[in-house]
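Trainee: fold the stuff below for me.
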Amino acid sequence: MTTTPLTTTLAAAPQGVNGVALAVFVFFFLAVTVMGFLAARWRKAEQSANLDEWGLGGRSFGTWVTWFLLGGDLYTAYTFVAVPAAIYTAGAAGFFAVPYTILVYPLIFTFLPRLWSVSHRHGYVTTSDFVRGRFGSKGLSLAVALTGLLATMPYIALQLVGIQAVLDVLGVGGGADANWFVKDLPLLIAFAVLAAYTYSSGLRAPALIAFVKDGLIYLVIVVAIIYIPIKLGGFGEIFHAAKDSLAVHGPTGKPRGELASGPNAQWAYATLALGSALALFMYPHSITATLSSRSRNVIRRNTTILPLYSLMLGLLALLGFMAIKAGTDTRGNAQLAIPQLFEDMFPSWFAGVAFAAIGIGALVPAAIMSIAAANLFTRNVYKDFLKPDATPEQEHKVAKLVSLLVKVGALAFVLTMDKTVAINFQLLGGIWILQTMPALVGGLFTRWFHRWALLAGWAVGMVYGTLAAYGVASPTQKHFGGSNAQIPGIGEIGYIGLTAFVLNVVVTVVLTFVLKALKAPEGTDETSPGDYTADVGDAGVTADLPPATAGAPAGH
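Mentor: Numbering: from 1, shown residues only. Modelled structure (predicted):
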């Protein structure tokens, strides 16, 4: 999920090891590791060496598996850490994540079932597969694929940041003075386990582990929202303390935050919420989880029950105010606010359960993201441009290797760069991924847009969004200090990604008129109207075999 930047240093001093909490954490970590490897045998098909099986779980997941998988995919460890941390740091601005997760589900109800249908009919594995098939343009498909890869990499890195925050509070994350190997060894072990079971089991591993992850998160939040306020004197005391703390003037000479958003923040709040809602299901990992479901109706049902996670997120966000009232010592790192609050408030054994929820909450989305990135590279770079005659077995092998390389890149990112860089790139990723929406969602409803116009609009949105974000400064950073800037022509401060998206659409529409008037050549559309409403049981769509092997067009 998109988050606001936290302008705090991410170096923390080492703490004493909490033995009981660590033991509970390790127990759950080992349990899900075993589940990850056993998942390779779960619903395994006779012919498993293909992307449908490894990268989409055989397109066989029902309503509940898909619900847990999407929830595990979208509500990550970094959500668990960063949303309350943003509220701990700046107050009401951090609550934008709640309305945007409410807005997103009616939006996806309109287009995800159509994407599922056409993808199953033609054997599409990625959004770029669909874009190429719809507009007959490998160039536009490549642009969408590269944008997805760029946006996903820092997102994976931030899951590792979430694990690192937990390890720091547990006392096994090392510190600034520790030997680099000793300091990073727990993270290296977690990475190695994640890489191994993802390589072995593909999407089935995070799908199975998501049951444990979401169960733990719901348990921890329900306990926290009842137990911690009782210890702190009730919600009245919590909100009063938060109001006083946020009113204190910071380095800029202004209050560091607000308990409720004031008039000057409303444009930024509203545009960030709307832009984030539009962007969320453009991410490759969201689509990977969606396409893994076994029928069109599974998607429709999930859009009606996924809002339960928004309720969970609203309660989770309140933990930021609780950390203020509790006087939580974050050691200059707001990312530690919630793990440290759990350490201070809960008995050691239940703190271990809470830390396990956050740690496992990093493993599930990181696995799905790496699989989604591997699918994109394999289908839309390797097969489209490097080896067009690649067999399903070769695609399978390349995807598994790329999933490892993606995780190695994310790990290197976390270990070698300041963590605020990862946060900034994740914010930039949200701006970037939104620029793929006209090609994807527009293509699901109309063929009117010209492929060259879509490519030009994408380029304008990418360039504007990147330059605008580069020009945003914060008290601690000269560049990429946030995701809000002045909206041209309006003068209000708003979300850069949404402004870039509007420019993208304007350029696309204008150039489409021009190119059609000039009779510029359009690509071949390999889809037909019936493809967008097809379900299991219709001609060319089955739940048991990849469509390309069940008599449907291969789509390549």
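Trainee: please enumerate the helices of the stretch 101-250 of the chain.
Mentor: Counting by DSSP state H, counting those that start in this stretch, the segments of the stretch 101-250 of the chain that form helices are 127-135, 138-170, 180-201, 204-232, 235-246.
Trainee: single out the most deeply packed of these.
Mentor: The highest average neighbour count among the helices of the stretch 101-250 of the chain, using mean count of other Cβ atoms under 10 Å, belongs to helix 127-135 at a mean of 27. (C-beta placed from N, C-alpha, C; glycine too.)
Trainee: what is that one packed up against?
Mentor: If you count contacts as 3 or more Cβ pairs under 8 Å, 6 or more residues apart in numbering; DSSP states H and E, helix 127-135 packs onto helix 97-122, helix 138-170, helix 437-445.
Trainee: residue 353 is nearest to which of the ones you listed?
Mentor: Nearest to residue 353, of all the helices and strands packed on helix 127-135, is helix 138-170, at 11.9 Å by Cβ to Cβ.
Trainee: got the CA coordinates for stretch 155-163 in PDB?
Mentor: What follows is stretch 155-163, C-alpha atoms only, in PDB (Å, rounded to 0.1, in the frame of the first residue of the first chain):
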ATOM      1  CA  TYR A 155       8.000  -2.300  -2.500                       C
ATOM      2  CA  ILE A 156       9.800  -5.700  -1.900                       C
ATOM      3  CA  ALA A 157      12.600  -3.800  -0.200                       C
ATOM      4  CA  LEU A 158      10.200  -2.200   2.200                       C
ATOM      5  CA  GLN A 159       8.900  -5.600   3.300                       C
ATOM      6  CA  LEU A 160      12.500  -6.300   4.400                       C
ATOM      7  CA  VAL A 161      12.500  -2.900   6.200                       C
ATOM      8  CA  GLY A 162       9.500  -4.100   8.100                       C
ATOM      9  CA  ILE A 163      11.200  -7.300   9.200                       C
END
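Trainee: would you list the helices and strands packed on helix 127-135 in TSV and tack on mean pLDDT and distance to residue 533?
Mentor: Shown next, in TSV, are the helices and strands packed on helix 127-135 (pLDDT from 0 to 100; distance: least, Cβ to Cβ, whole Å):
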stretch	mean pLDDT	distance to residue 533
helix 97-122	92	6
helix 138-170	89	23
helix 437-445	96	11
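Trainee: turn these into TSV, including distance to residue 458.
Mentor: Shown next, in TSV, are the helices and strands packed on helix 127-135 (distance: least, Cβ to Cβ, whole Å):
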stretch	distance to residue 458
helix 97-122	18
helix 138-170	5
helix 437-445	7
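Trainee: quick one, which of the ones you listed gets closest to residue 342.
Mentor: helix 138-170 (7.8 Å).
Trainee: so how far is the closest one from its chain's centroid?
Mentor: Between the centre of helix 138-170 and the centre of its chain there are 8 Å (Cα atoms, centre = their mean, to the nearest Å).
Trainee: which residues of the stretch 251-400 of the chain fall in helices?
Mentor: Using DSSP H, counting those that start in this stretch, helices in the stretch 251-400 of the chain cover 266-280, 284-291, 296-305, 308-317, 319-325, 337-345, 348-377, 392-416.
Trainee: distance of residue 348 relative to residue 512?
Mentor: 62 Å (Cβ to Cβ, to the nearest Å).
Trainee: and these two? Which one has more around it.
Mentor: residue 512 (20 against 14; other Cβ atoms under 10 Å).
Trainee: which residues are in contact with the more buried one?
Mentor: Residues near residue 512 by Cβ atoms under 8 Å, 6 or more residues apart in numbering: 448, 449, 450, 453.
Trainee: which residues does the second one contact?
Mentor: Meaning residue 449. Shown in contact with residue 449 (Cβ under 8 Å, 6+ apart): 135, 438, 439, 442, 443, 508, 509, 512.
Trainee: swap in the first one?
Mentor: For residue 448, the set of contacting residues under the criterion of Cβ under 8 Å, 6+ apart consists of residue 512.
Trainee: and it, that's in a strand?
Mentor: No - secondary structure assignment places residue 448 outside any strand; it is coil (DSSP: H, G, I helix; E, B strand; the rest coil).
Trainee: most widely separated two among the contacts of residue 512?
Mentor: 448 and 453, at 9.8 Å, using Cβ to Cβ across the contacts of residue 512.
Trainee: need the contact list for the residue of the chain most remote from its centre.
Mentor: Largest separation from the mean C-alpha position in the chain: residue 518, at 40.4 Å (Cα atoms, centre = their mean). For residue 518, the contact set (Cβ under 8 Å, 6+ apart) is empty.
Trainee: per-residue pLDDT, it?
Mentor: pLDDT for residue 518: 95.
Trainee: on that earlier part again, can you redo the helices of the stretch 251-400 of the chain as TSV with mean pLDDT and distance to residue 225?
Mentor: Output for the helices of the stretch 251-400 of the chain, formatted as TSV (pLDDT from 0 to 100; distance: least, Cβ to Cβ, whole Å):
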stretch	mean pLDDT	distance to residue 225
helix 266-280	91	23
helix 284-291	92	27
helix 296-305	90	21
helix 308-317	86	5
helix 319-325	93	8
helix 337-345	92	12
helix 348-377	91	13
helix 392-416	87	30
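Trainee: of those helices, which is nearest residue 63?
Mentor: Proximity to residue 63 (Cβ to Cβ) singles out helix 296-305 among the helices of the stretch 251-400 of the chain, at 5.1 Å.
Trainee: so how far is that closest one from its chain's centroid?
Mentor: 19 Å.
Trainee: could you do stretch 72-89 as well?
Mentor: Remark: stretch 72-89 is offset 11 Å from the chain centroid, using Cα atoms, centre = their mean.
Trainee: same deal with stretch 127-141?
Mentor: 23 Å.
Trainee: what does stretch 131-138 rub up against?
Mentor: Applying Cβ under 8 Å, 6+ apart, the contact partners of stretch 131-138 are 118, 122, 124, 140-141, 144, 380, 384-385, 439-440, 443, 447, 449, 451, 454-455, 522-527, 555.
Trainee: run the last query once more with 7 Å
Mentor: Applying Cβ atoms under 7 Å, 6 or more residues apart in numbering, the contact partners of stretch 131-138 are 122, 124, 140-141, 144, 384, 439-440, 443, 451, 454, 523-527, 555.
Trainee: are any of these buried, and if so which?
Mentor: Of the members of the contacts of stretch 131-138, the ones counted as buried by neighbours, 16 or more other Cβ atoms under 10 Å, are 122, 124, 140-141, 144, 384, 439-440, 443, 451, 454, 523, 526-527, 555.
Trainee: out of those, which is nearest to residue 151?
Mentor: Closest to residue 151 out of the buried ones among the contacts of stretch 131-138 is residue 144 (10.7 Å), distances taken as Cβ to Cβ.
Trainee: what sits against the closest one?
Mentor: Contacts of residue 144 were listed using Cβ under 7 Å, 6+ apart, and they are 127, 128, 131, 436, 439.
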